[in-house]
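A.B. asks: pasted the sequence and its predicted model underneath.
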Amino acid sequence: MSSPSDTLIIEHLAQYVSDHKKGTIEEVLDKRTRHLTIVLEDTFQSQNASAVFRTAECFGIQDIHLIENLSKYALNKRVLRGANKWLTIKKHAQKEKDNSSECLQSLKASGYKILATMPSANLTIQEVDVSQKIAVVMGNELHGLSDTAIEMADCKVTIPMFGFTESLNLSVSAAICLHELTNKLKESSVDWHLSAEERKQLRLEWYRKLVRNAEMIERKFLESIT
């Protein structure tokens, strides 16, 4: 929840953001969603996870969940190209905890349907019902999803393939899933947009990232009005 001063801070920082950038931010906020989210479980190749980040940002997904039971994620700036700057990245990496269970239980409690992506599933990504919030869970490059993730999934989905090869690159799989789901969502009557409060919080967060010395500017401004 934002504080009353947040509106004043946004208005003050806006002076340091170009009209073009402000316009772009509003256009992006119009298309941003938390109705869909991506969950990456123990991805061990940084370039693959970073490519998924970039793909998700391009499709207007705001939240990314990283489950770190065995593998720790490292940023790959060359692949990311700054995409992480605009995302809300939530890490689940408690020591000696089943982070998969913690993450997925938290998402379920927040109203998300858990979709486990698996080559052997009977339901295709094109057949998924998007009326409920969806968390697409993707496993690591070698072993796929953990038993915990599979057991906790509300449904298991696959991407139809017609060749000899039975799997796709992680970022390619994410792109196909998000393309199908976002298209379906936008053609539906579901209100998938951010709330006014969520837009305000992201606007403030992004202004702070765009404005050089934003912390100092903000501090001096708050001192001047108190």
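C.D. replies: All right, it came through fine.

A.B. asks: for the rest of this, base every contact and every neighbour count on C-alpha atoms.
C.D. replies: Fine.

A.B. asks: who's in contact with Ser173?
C.D. replies: Under the criterion of CA atoms under 8 Å, 6 or more residues apart in numbering, the contact partners of Ser173 comprise Ile159.

A.B. asks: repeat the analysis, applying 6 Å as the threshold.
C.D. replies: With CA atoms under 6 Å, 6 or more residues apart in numbering as the criterion, no residue contacts Ser173.

A.B. asks: give the next helix or strand downstream of whatever helix or strand it lives in.
C.D. replies: Ser173 is part of helix 170-186 when elements are defined by DSSP states H and E. Beyond helix 170-186 in the direction of the C-terminus, DSSP H and E gives the next helix or strand as helix 196-210.

A.B. asks: got the CA positions of that following helix in CSV?
C.D. replies: In CSV, the C-alpha atoms belonging to helix 196-210 read as follows (Å, rounded to 0.1, in the frame of the first residue of the first chain):
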residue,chain,number,x,y,z
ALA,A,196,-4.7,1.8,-9.9
GLU,A,197,-2.6,1.1,-6.8
GLU,A,198,-0.3,-1.3,-8.6
ARG,A,199,0.2,1.2,-11.4
LYS,A,200,1.1,3.9,-8.9
GLN,A,201,3.6,1.7,-7.1
LEU,A,202,5.3,0.6,-10.3
ARG,A,203,5.4,4.2,-11.7
LEU,A,204,7.2,5.3,-8.6
GLU,A,205,9.6,2.4,-8.7
TRP,A,206,10.4,3.0,-12.4
TYR,A,207,10.8,6.7,-11.9
ARG,A,208,13.3,6.0,-9.1
LYS,A,209,15.3,3.8,-11.5
LEU,A,210,15.3,6.3,-14.3
